[in-house]
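Student: give me coordinates for this.
(one chain, ligands or ions: 2)
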Amino acid sequence: MRRAIGLMSGTSLDGVDVALIETDGETVRVERSHNGYLEPLGPTGYRAYSDDDRALLRQALIDAEAVTERSERPGCLPEAEDLVTRLHAEAVENFLAENGLSAADIDVIGFHGQTVVHRPDQKMSVQIGDGAALSRRLGIKVVSDLRNADIEAGGQGAPLVPVFHRALAQASGFTDSLGILNIGGVANATLIARDGTILAFDTGPGNALIDDWMRERTGHALDDNGRTAARGRPDEPLLAWLLIHPFFSRKPPKSLDRNWFSHKLAGQLSTEDGAATLTAFTARAVARALDHASDPPTRWIVAGGGARNGELLRQLNYYLRAEITTADAIGWSSAFLEAQAFAYLAVRSLEGLPITFPSTTGVSQAITGGVLARPEG
Ligand SMILES: Nc1ncnc2c1ncn2[C@@H]1O[C@H](COP(=O)(O)OP(=O)(O)OP(=O)(O)O)[C@@H](O)[C@H]1O
Ligand SMILES: CC(=O)N[C@H]1[C@@H]2OC[C@@H](O2)[C@@H](O)[C@@H]1O[C@H](C)C(=O)O
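Tutor: Ligands and ions are numbered 1, 2, ... in the order given. From the prediction side, this is the model:
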């Protein structure tokens, strides 16, 4: 078993998630308490972005639209990349100190970086953050750039977490058909059939449009527990029109860039009705995932920040017509599942094990990925 730290900065631009797990790259070490409840896999940490950090990252997403070759760093991207590397380094340093650990206790770090470009059709996905610099500063091996090998081989480069979802489902003893839904800025689902086969894809927008709508209309960063959406009514004709987008009928695997849909689509609606419409858009887009399921899940586990949006969960419950539990409710971590996944992926990368599969990214054959940096260079 290796001890690995995973680092994730997602499309919501809220901060850096840190998680430690123990794994050999196949199985994940889990502990059960006396009542069978799964214990947390390992300690976790979080480093929130300040408003200034977030403003720079938002600008980076805009400046990155000019990127035509993946090594290019136009506009504020060099500054944003330095920031991402520095804040991840600080996040790990704080995490180690808080948990009485030193660099020598950690075998590897899985460093996702910050996605600024994701255009699989142009064979390009760019995560900013310098793995080599992070490794030198921390004195720990770092695996980064985990999407590119898949993209180069013709895959979507996303989602990457399904192989971890399956390992966790196995460790937890699930045998029935299962859906695992991660609702971050974008939402992605992993469908695990009873025979163990997985199908994974981005379902559509997650929280990003709701956040953007709330920020523009109210100045708040999010719709806390979906309270605003719960007071509004979805605009059904607008919803029907949004769901006609070819992304939803396209056969998976498929992945989505954060900017493919905009909150401005709800432009003229009241704050409440707009929030209700965008929340329903996320839920109904997830329900479309069932069109692609050979063995529809009897149970869904919902993770990511969206698991804290009660109105979204209520709508999912209605549209998915299956048992819905939050990750936290079964001893998984809603907030740190992705960071844990990147720890797992880093160990798989070190071991040369595949991280993406035809049924998760559309790549022609299962392949490994990631770029390894060592402290000594
Ligand atoms: N109390 C809450 N009520 C409603 N929504 C919430 C709450 N807490 C968090 N969220 C939503 O969750 C989002 C953060 O989710 P998460 O951290 O899973 O995203 P991410 O990892 O950045 O995204 P991605 O998975 O797309 O990379 C917030 O931006 C917000 O929309
Ligand atoms: C390109 C990119 O960063 N995609 C993210 C994003 O956020 C959620 C969804 O879209 C997913 O495809 C992916 O992240 C997770 C961690 C993944 O690759 O599994």
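Student: how far away is Pro120 from Thr361?
Tutor: In this view, Pro120 and Thr361 are 8 Å apart by C-beta to C-beta, to the nearest Å. Just so you know, the C-beta spots here come from the backbone N, C-alpha and C atoms, and that holds for glycine as well.
Student: what is in contact with these two at once?
Tutor: Residues touching both Pro120 and Thr361 (C-beta atoms under 8 Å, 6 or more residues apart in numbering): Gly155, Gln156, Gly157, Ala158, Ser255.
Student: quick one, what contacts the residue of the stretch 51-200 of the chain found nearest ligand 1?
Tutor: Distance from ligand 1 to each residue of the stretch 51-200 of the chain (C-beta to the nearest ligand atom) is smallest for Gly184, at 1.9 Å. Going by C-beta under 8 Å, 6+ apart, Gly184 touches Gly10, Thr11, Ser12, Gly206, Asn207, Gly304, Gly305, Gly306, Glu338.
Student: touching, the fifth one and Gly305? I think so.
Tutor: Which is Asn207. Yes. The pair Asn207 / Gly305 is scored as a contact, 5.6 Å apart, by C-beta atoms under 8 Å.
Student: overlap in contacts of these two?
Tutor: Ser12, Ile183, Gly184, Leu222.
Student: and the two most separated of the contacts of Gly184?
Tutor: Asn207 and Glu338 (13.6 Å; C-beta to C-beta).
Student: these two - which one has more neighbours?
Tutor: Of the pair Asn207 and Glu338, Asn207 is the one with more neighbours under other C-beta atoms under 10 Å, namely 28 against 25.
Student: any idea of the pLDDT on the more buried one?
Tutor: In the predicted model, Asn207 carries a pLDDT score of 94.
Student: what about Glu311, which SS state?
Tutor: When classified by DSSP: H, G, I helix; E, B strand; the rest coil, Glu311 comes out as helix.
Student: next: the one 3 residues further on.
Tutor: Reduced to three states with three-state DSSP, the structure at Arg314 is helix.
Student: check contacts around it.
Tutor: Counted by C-beta under 8 Å, 6+ apart, Arg314 has contacts Gly226, Ala230.
Student: any idea how far Leu320 is from it?
Tutor: From Arg314 to Leu320 the distance is 11 Å (C-beta to C-beta).
Student: where does this structure dip in pLDDT?
Tutor: 33-40 (pLDDT under 70).
Student: name the residues of it found near ligand 2, please.
Tutor: Residues of the chain found near ligand 2 (C-beta under 6 Å from any ligand atom) are 10-11, 115, 118, 125, 158-161, 184-186, 188, 202, 255, 338.
Student: remind me, longest helix of the chain?
Tutor: Identified as the longest helix of the chain according to DSSP state H is helix 77-98.
Student: which residues are contacting the very next helix or strand once past it?
Tutor: Downstream of helix 77-98, the next assigned helix or strand under DSSP states H and E is strand 108-111. With contact meaning C-beta under 8 Å, 6+ apart, strand 108-111 is reached by 2, 4-7, 88, 92, 129, 131, 134-135, 138, 140-144, 146, 342-347, 349-350, 370.
Student: which ones among those lie within helices?
Tutor: Using DSSP H, the contacts of strand 108-111 in helices are 88, 92, 131, 134-135, 138, 342-347, 349-350.
Student: still on that earlier bit, packing partners for the longest helix of the chain?
Tutor: strand 2-8, strand 15-23, strand 44-48, helix 51-63, strand 114-119, strand 124-128, helix 131-138 (3 or more C-beta pairs under 8 Å, 6 or more residues apart in numbering; DSSP states H and E).
Student: tell me how many other residues crowd whatever residue of the stretch 1-150 of the chain ends up closest to ligand 2.
Tutor: Nearest residue of the stretch 1-150 of the chain to ligand 2 (C-beta to the nearest ligand atom) works out as Thr115 at 3.4 Å. Neighbours of Thr115 under the rule other C-beta under 10 Å: 23.
Student: so what's it closest to, chain neighbours aside?
Tutor: Leaving aside its chain neighbours, Thr115 sits nearest to Gln127 (5.2 Å; criterion: C-beta to C-beta, 6 or more residues apart in numbering).
Student: thought Asp145 was touching that neighbour, still the case?
Tutor: Yes. Using C-beta under 8 Å, Gln127 makes contact with Asp145 at a distance of 6.7 Å.
Student: hey, what's in contact with both of the two?
Tutor: Gly113.
Student: which ones are touching the residue of the stretch 1-150 of the chain closest to ligand 2?
Tutor: Here Thr115 is in contact with Thr11, Ser125, Val126, Gln127, Arg258 (C-beta under 8 Å, 6+ apart).
Student: okay if I get those residues as TSV plus neighbour count?
Tutor: Converted to TSV, those look like this (neighbours: other C-beta atoms under 10 Å):
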residue	neighbour count
Thr11	21
Ser125	25
Val126	24
Gln127	23
Arg258	21
